Every structure is written in structure tokens, then in C-alpha cells.
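Trainee: this is a predicted model, with the sequence first.
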Amino acid sequence: MSPEEKMRASAARYVRHGEQVHAVIGAQTKNPYLVVLVGFWYLLFNRYRMIVVTSERIAVLDADKVSFKRPRAVLYEHHRDTQLGPAAGRFWHKADFGDETLYVHRRFFNEIAKADLAVLG
């Protein structure tokens, strides 16, 4: 089972009845380049998020402090017509979600494109 499939499986309990999952995206709350400056202390300040894009909404889930693979709760939701991309950046994409800025790694850029394609039709 791939990491993306594991993420979809763990997010399944936060998906409402009748919703189809279009994309699952891992993200973090602090600038990833700060780890170079603060090292281990970065783990104290950073939080991981899982962005679940469904046919009805975009749900941002709180996850573990060390991984985005195990969600704990829905933090907030956005309208489905919200675009996440286009993903830009060599390694990280910076996305603003209301009061929170999230950083998405390059490995999820295809998921962002899939989510936006579902909006544009």
C-alpha cells in the first residue's frame, strides 16, 4: 500500500456519507527551511496537517506532531470551489488557508493539480 493510499484510508472516517475523495495532501504549518536554523526544536513548533479534497468541501485535518499520516480531528473546512494551486516552488508550495499558512512538499504537487482540475471541470 502506497503512502497516499494509507493517507486516504486514515482520512476515510472524516469523509461524509456520499462524498468522493478527489485528493489527499500532506502539509505542515512552519516553513520547512527553518529546520536548518533551529534543528530539533523545529519539532516543537511545527504541526502537520492533512488536506482532504472531496466532492463537497476541502477539510483540513490536524495530524500528529511527527507525521501527517494519522489525522485526529477536522480543524476547519473551505468551499469546494477554492483552488489550491497552481503549485509553485522548487520543493515547497506555500498555501494560505484563512488564518493558517501551510507548506506542501513537491511530492503532493500532482494531488494539488488533480484537486484543481476537479474544480475547473
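Mentor: Right, received. Where do you want to start?
Trainee: got any ranges where the protein has weak pLDDT?
Mentor: Along the chain, the parts satisfying pLDDT under 70 run over 121.
Trainee: mind running it again at 90?
Mentor: When residues are selected by pLDDT under 90, those of the chain lie in 1-6, 33-45, 64-70, 79-86, 88-89, 96-99, 116-121.
Trainee: nearest residue to the middle of it?
Mentor: residue 51 (3.2 Å; Cα atoms, centre = their mean).
Trainee: which non-adjacent residue is nearest that residue?
Mentor: Closest residue in space to residue 51, ignoring its immediate chain neighbours: residue 25 at 4.1 Å, by Cβ to Cβ, 6 or more residues apart in numbering. Heads up, the C-betas are built off the backbone N, CA and C, glycines and all.
Trainee: what's the neighbour count on residue 62?
Mentor: Residue 62 sits with 17 neighbouring residues when counted by other Cβ atoms under 10 Å.
Trainee: what residues are up against it?
Mentor: 47, 49, 71-75 (Cβ atoms under 8 Å, 6 or more residues apart in numbering).
Trainee: among these, which pair sits farthest apart?
Mentor: The span of the contacts of residue 62, defined through Cβ to Cβ, is set by 47 and 74 at 14.4 Å.
Trainee: all strands for the chain, in order.
Mentor: Secondary structure of the chain by DSSP state E: the strands cover 21-28, 48-54, 57-63, 71-79, 92-97, 100-105.
Trainee: what is the longest one packed up against?
Mentor: Right, strand 71-79. On a contact count with 3 or more Cβ pairs under 8 Å, 6 or more residues apart in numbering; DSSP states H and E, strand 71-79 meets strand 57-63.
Trainee: return the set of buried residues in the strand it packs on.
Mentor: Within strand 57-63, the residues scored as buried using 16 or more other Cβ atoms under 10 Å are 57-63.
Trainee: partners of it, with directions?
Mentor: Strand 57-63 pairs in its sheet with strand 48-54 (antiparallel), strand 71-79 (antiparallel), by DSSP bridges.
Trainee: can you tell me which of those is nearest to residue 35?
Mentor: Comparison of the strands paired with strand 57-63 against residue 35 by Cβ to Cβ identifies strand 48-54 as nearest, at 13.4 Å.
Trainee: between the longest helix seen in the chain and strand 57-63, how many degrees?
Mentor: Counting by DSSP state H, the longest helix found in the chain is helix 109-120. For helix 109-120 against strand 57-63, the angle by axes from the mean of the first three to the mean of the last three Cα atoms, to 10 degrees is 150 degrees.
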